[in-house]
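Undergrad: let me see the structure of the following:
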Amino acid sequence: MIVTCIAPVNIAVIKYWGKRDEELILPLNDSISATLNTDQMHAKTTIMASPSFKEDRMWLNGREVPMDSPRIQNCLKEMVARAERAGAVRYSSLAACRLRVCSENNFPTAAGLASSAAGYACLVFTLAKLFGLEGDISGIARLGSGSACRSVLGGFVRWHKGSAADGCDSVASQVVPASHWPELRILILVVNDAQKATGSSVGMKTTVETSELLKLRVAECVPARVDSITEAIREKDFRKFGELTMKDSNQLHAVCLDSFPPLFYMNSVSHAIVNFVHLYNATDLQVAYTFDAGPNACLFVLEENLPRLVATINHVFPPGNNSTKYFQGIPVAVPHINEDVLKLGMEPKEAGSLKYIISTRLGAGPHEVPDHLLTTAGEPRSATT
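TA: Numbering: from 1, shown residues only. Predicted structure coming up:
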């Protein structure tokens, strides 16, 4: 049997940063994210099961990797246990099989663009399809990567921190579907697509152990923001949504700086984007930024304001030599730069400061697709040595 699925990236607007249980990946606070459309950014996973395979094997982005990672094994074990408890008919026919897993991202891996969230969500969703399982799988995806639990659902999603010691109530639920806010558009400004120096898991642990500011954030700031932004999303109140999103992004990086030693995920171009947004919003809040643990920005904007924003970005952050690939994703008809924008005093930065831009919108979550990454013999179609 063979199944292939794709799963989306999600971008947190109220951030997850810090665990109360490292092994079960239980967060210190609730978080809320936007699921992006899989047409522009996704992880894709093929899983093949056969009794003729001698061992489990896995390929990630064209290279073979071991499958003995504790997080991968935790996902597999929990999925098998659930299939056995449910008496899944399809799983019973697979019990004697070994697996071949092949996964690819169509966006940079480990660069602060939630690649692990999309990857583990895709792995668990594909396993569920292979085993014939229905129902909530967010708790299993969480065992691979905490934020992966949010990528198994579409639209805006809330990850509940839960209170149970075993993590049974630390699951995701949908706030609203993608269809609720079709006017919302999203731009990913890729500043650096290289792997970041300090991974999120290591960074979180350092922050939990050393940051005094994190305690205030978890106890007082996040609970109020979660309620407020949920209301803003449901009411489609962009100004309220944008302000809360930017404040929470700023606070994430503040607790990173409050860690010891401090954690630096944003760079000078990231800070230039923050300044750009606040200048752009001088008379009216029309665009909001958020940064995960990396230098790349995610901008939210209403569709009616998107063309002017893109024109201004092109003026302030002109493309370098890769101008033909500079703007990717959903096309935008870009007007000439307005005189009122030029009066804001936003001087152009060095050409190529941004590597490229991805234009996208909210998405509906993971789903099965027909084109497989493995051959009929169980070998990857694009593997490298």
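Undergrad: just give the number of residues close to Thr210.
TA: Number of residues near Thr210 (other Cβ atoms under 10 Å) recorded here: 15. Every C-beta, even on glycine, is put in place using the N, C-alpha and C of the backbone.
Undergrad: ok, it to Asp292 distance?
TA: Here the distance between Thr210 and Asp292 works out to 20 Å (Cβ to Cβ, to the nearest Å).
Undergrad: which parts of the one helix or strand Thr206 maps to are buried?
TA: Taking DSSP states H and E as the criterion, Thr206 maps to helix 200-210. Buried residues in helix 200-210, counted by 16 or more other Cβ atoms under 10 Å: Ser200, Ser201, Gly203, Met204, Thr206, Thr207, Val208.
Undergrad: what's the answer for stretch 80-93, then?
TA: For stretch 80-93, the neighbour count (16+ other Cβ under 10 Å) marks Val80, Arg82, Ala83, Ala88, Tyr91 as buried.
Undergrad: got a list of what the fourth one touches?
TA: Pointing back at Ala88 there. By Cβ atoms under 8 Å, 6 or more residues apart in numbering, Ala88 lies in contact with Phe131, Gly132, Leu133.
Undergrad: that older thread, pick out whichever of the buried residues of helix 200-210 sits closest to Ile330.
TA: Ser200 (27.8 Å; Cβ to Cβ).
Undergrad: nearest residue to that closest one other than its sequence neighbours?
TA: Nearest non-adjacent residue to Ser200, counting by Cβ to Cβ, 6 or more residues apart in numbering: Ala293, 4.7 Å away.
Undergrad: three-state assignment of the one you found?
TA: Going by DSSP: H, G, I helix; E, B strand; the rest coil, the secondary structure assigned to Ala293 is coil.
Undergrad: what's the neighbour count on it?
TA: The burial count for Ala293: 22, using other Cβ under 10 Å.
Undergrad: would you mind measuring from it to Asp56?
TA: Distance from Ala293 to Asp56, by Cβ to Cβ: 30 Å.
Undergrad: who touches the host helix or strand of Lys215?
TA: Here Lys215, judged by DSSP H and E, is contained in helix 212-216. Residues from elsewhere that reach helix 212-216 (Cβ under 8 Å, 6+ apart): Trp17, Gly18, Leu28, Thr207, Val208, Ala254, Val255, Asp258.
Undergrad: now these: which count as buried?
TA: When those are checked against 16+ other Cβ under 10 Å, the ones flagged as buried are Trp17, Gly18, Leu28, Thr207, Val208, Val255, Asp258.
Undergrad: for those residues, name the two members farthest from one another.
TA: Leu28 and Asp258, at 14.7 Å, using Cβ to Cβ across the buried ones among the contacts of helix 212-216.
Undergrad: what segments of the stretch 151-300 of the chain are strands?
TA: Using DSSP state E, counting those that start in this stretch, the strands of the stretch 151-300 of the chain run over 156-159, 172-176, 184-190, 287-291, 297-302.
Undergrad: what pairs with the shortest one, and is each one parallel or antiparallel?
TA: With DSSP bridges as the test, strand 156-159 is paired with strand 31-35 (antiparallel), strand 172-176 (antiparallel).
Undergrad: go ahead and confirm Gly146 touches Tyr16.
TA: Yes: here Gly146 lies in contact with Tyr16, judged by Cβ atoms under 8 Å, at a distance of 5.9 Å.
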